[in-house]
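>>> Got a predicted model here, sequence first, then my questions.
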Amino acid sequence: MFEIFTVDFMQNALIAGTIVSLISGIIGSLIVVNRMVFLAGGIAHTSYGGIGFAIFFGLPIFLGASIFAIVASVLMAFLTLKYKERVDTFIGLIWATGMAIGVILIDLTPGYNVDLMSYLFGSILVVETADIYTMLGVLAIILTVVIFGYRNILAVSYDSQYAHIRGLNVGLFYTLILVTSSIGIVMTMKVVGLILVIAMLTIPVFIAEKISSSLIGMMIYSGLISTFFTIIGLMVSYNYNLTTGATIILVSVVGMILFLVMQKSFKILKEEILLK
Amino acid sequence: MSKKILEIDNLTFNYDGANVLENINLSLNEKDFLAIIGPNGGGKSTLLKLILDILQTKNGKITINGQNPTQQLSHIGYVPQNTNINTSFPIKVIEVVLMGHISDKKPIFGYSDTEKACALGALSQVGIEEFANAKIGSLSGGQRQRVMIARALCNHPALLLLDEPTASIDVNGQKQIYELLKELNKHMTIVVVSHDISVTLNYANKVAYINKFLTLHSNISRFSTTPQNGHFCEVELMQMFRGKNV
C-alpha cells in the first residue's frame, strides 16, 4: 500500500498532486464564491484549443494552454461585465470553439498521433520534474495575487456593486480573479484532465465552505482537503490500477458524502443532547 | 442658512427610450431626513443609482457638496436594498464593515489597526459589536441590516442613502433601525427609500413622492398626526400627494 511513496514516478505524482491541490483549493474558492463554476469549465475546455495550438506550432503544451486560457478569461471578463445576462451563451460559445480549434489543429499537425485521453482525464503519472517547477511557479503567482490583493478581491467577490461605489476598479479585479483562476485551471487539468477539473475545483470547496467563516479560511481548508483526496486517490488508483484523475474525483465525491452524513448525524446528536 | 448637501437640477433619465424619471428637482440641506416613497417601478431606486454614479445621464445635473457625484463618492454612505443575497459567503461581519475602507490608503496586505478600530467603532455605533467575528450568514435580517449601515458609516459620510432598509425586518426591528437613523441624522443627511409610510413620516422632515415625476413635501407634520401605532394606508397617502401637485 505505502510503496507508492518510494516508487520514482509516484513520488513526482504525489508532489505534483499536492501542489495542484493547493492551487485548486485557492482558485476553487474564488471560483465558487464568485459563482463562476460554469465559466471555469468553459475556460478549461477553451484551453484545449491552446493544446492544439501548442502541438501545431511545436510550443510547450503548458504555454499554449495558458495563452488560450488567459485570452479566454480576459474576453469572458469583458463580456461578463458588459452583458451580464447573456454570460451563459458566451460560455457555451468559447467552450465549443476552443475544443473545435484544438481538434482541427491536431488534425492538421502532420504525423502527430495525440493521446487525447491524457488531456481529457489528466496525466499526473507522467509528470516530470520540470512540470513540478512550473506548478510551483504558478502556485507562487496565485499566492502573491491572493495575499496582496486579498481585501480588494474579497470586496469584489462579496459585493461588487458596493466595491464600485467605494471607488474600486471592479473590472480590473474581476479580470484579475479570472486570469489567476485560468492559469490555476490549466495546472489542475494536468492532474484530473479538462473534463473532471470542475469537480476538483468545487468538491473540496463545498466542504470547506461549511467549516470556514472567512474566504482565507476557506482557501486553506479547501487546499488541505483537496490534498487529502488527491493522495488517497493516487494510492487507490495505484493499488487497483485505475485511471488516476477519475479515481481522485470519485474519492472526493465519497469524501463529500461521508462529510455530509457525519455533519447531519452530528447535528441530530447535538439536538438530542440539548433536548435532554 | 444651512449648507446644501445634495442638489438635483432638471434631471431626466430614460431607459430603452422611455423616460423613467422626468424633470426631477431636489435640494437637500445638512441634516435633512428625506423619505422617498412611490410605487414599484416609479424610479426610486433609479434615482439612488444616479446619485451614486452607478447610472449616468446627460439630461440634468446632480451635485453633491457642489461637485460631481464621481468626486464625492467617498462622502456618500450607501445601504443597498437586498441584504439577504450571498448569505452563504464565507465572510466575517467585521470584514464586511471593513469594505467601507476600501479606497483608503492601505497597508501592503490585510487591514491596518486604525481601520479595524474604526470598523469596530461603527459596529458598536449600530449596537452589534459582539458579532464582529461571526459569519455574516449567521445573523438575522435586522442584524445584517445594521452591519450594512455600519459599513456605510465607515467613511464618515455626509450623506447616507438607504434603499428600503426595513423591507425584510419585523416591526420591532424596523423601529430600532429608524431610531438608529434618527441618532445618525444628528450628524448627517439621510435619504431613505421606503414603503413603510407611517414609520418614515415619524422620522423624516421631507417626503418625496416619485412616480416618474417628483413631488416634494417639506412640511409633513400634518400628515403624521393621527397614526401613532397603526400603519398609515400607503394608497391613501399617495392619493393625498397626487391630489396636491401632480
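Great, that's in hand.
>>> Now do the helices in the stretch 151-276 of chain A.
A:160-165, A:170-211, A:215-240, A:244-275 (DSSP state H, counting those that start in this stretch).
>>> Just say which of these is most tucked in.
A comparison of the helices of the stretch 151-276 of chain A by mean neighbour count, using mean count of other C-beta atoms under 10 Å in any protein chain shown, puts helix A:170-211 on top with a mean of 24. All C-beta atoms are positioned from the backbone trio N, CA, C, and that covers glycine.
>>> and chain A, which residues reach chain B?
By the rule C-beta under 8 Å from any C-beta of the partner chain, the part of chain A lying against chain B is A:33, A:147-148, A:150-152, A:154-155, A:157-159, A:161-168, A:209, A:212-215, A:217-218.
>>> related to what we said a few turns ago, out of the helices of the stretch 151-276 of chain A, nearest to A:I26?
A:I26 sits nearest to helix A:215-240 of all those, at 4.7 Å, using C-beta to C-beta.
>>> What mean pLDDT does the closest one get?
Averaging pLDDT along helix A:215-240 gives 95.
>>> Which other helices and strands does it contact?
Applying 3 or more C-beta pairs under 8 Å, 6 or more residues apart in numbering or on different chains; DSSP states H and E, one finds that helix A:215-240 contacts helix A:8-33, helix A:129-158, helix A:170-211, helix A:244-275.
>>> In JSON lines: the ones you listed, plus distance to B:H156 and mean pLDDT.
Output for the helices and strands packed on helix A:215-240, formatted as JSON lines (distance: least, C-beta to C-beta, whole Å; pLDDT from 0 to 100):
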{"stretch": "helix A:8-33", "distance to B:H156": "29", "mean pLDDT": "93"}
{"stretch": "helix A:129-158", "distance to B:H156": "19", "mean pLDDT": "93"}
{"stretch": "helix A:170-211", "distance to B:H156": "23", "mean pLDDT": "92"}
{"stretch": "helix A:244-275", "distance to B:H156": "43", "mean pLDDT": "92"}
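>>> Among the ones you listed, which comes closest to A:I55?
Comparing those under C-beta to C-beta, the one sitting nearest is helix A:170-211, at 15.0 Å.
>>> Just give the nearest non-adjacent residue to residue 60, would you?
Using chain A. In space, and not counting its chain neighbours, A:P60 is closest to A:A54: 6.4 Å by C-beta to C-beta, 6 or more residues apart in numbering or on different chains.
>>> meant chain B actually
Sequence neighbours aside, B:L11 is the residue nearest to B:G60 in space, at 3.1 Å (criterion: C-beta to C-beta, 6+ apart).
>>> Give me the sheet partners of the helix or strand hosting that neighbour and which way each runs.
Per DSSP states H and E: B:L11 is located in strand B:4-15. Paired neighbours of strand B:4-15 in the sheet (DSSP bridges): strand B:18-29 (antiparallel), strand B:61-64 (antiparallel).
>>> Mind listing the residues bridging to the residue most central in space within chain B?
Closest to where the C-alpha atoms of chain B average out (C-alpha atoms, centre = their mean) is B:L162, at 1.7 Å. Here B:L162 sits in beta bridges with B:V79, B:V192, going by DSSP bridges.
>>> related to what we said a few turns ago, list just the one of the helices and strands packed on helix A:215-240 that sits closest to A:M76.
Of the helices and strands packed on helix A:215-240, the one closest to A:M76 (C-beta to C-beta) turns out to be helix A:170-211, at 6.4 Å.
>>> What angle do helix A:215-240 and the closest one make with each other?
Relative orientation of helix A:170-211 with respect to helix A:215-240: 60 degrees, computed using axes from the mean of the first three to the mean of the last three C-alpha atoms, to 10 degrees.
>>> packing partners for helix A:170-211?
So helix A:170-211, by 3+ C-beta pairs under 8 Å, 6+ apart, packs with helix A:8-33, helix A:37-57, helix A:61-82, helix A:116-121, helix A:129-158, helix A:160-165, helix A:215-240, helix A:244-275.
>>> Output these as TSV; include the columns distance to B:Y209.
Below are these laid out as TSV (distance: least, C-beta to C-beta, whole Å):
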stretch	distance to B:Y209
helix A:8-33	40
helix A:37-57	43
helix A:61-82	35
helix A:116-121	61
helix A:129-158	34
helix A:160-165	26
helix A:215-240	42
helix A:244-275	49
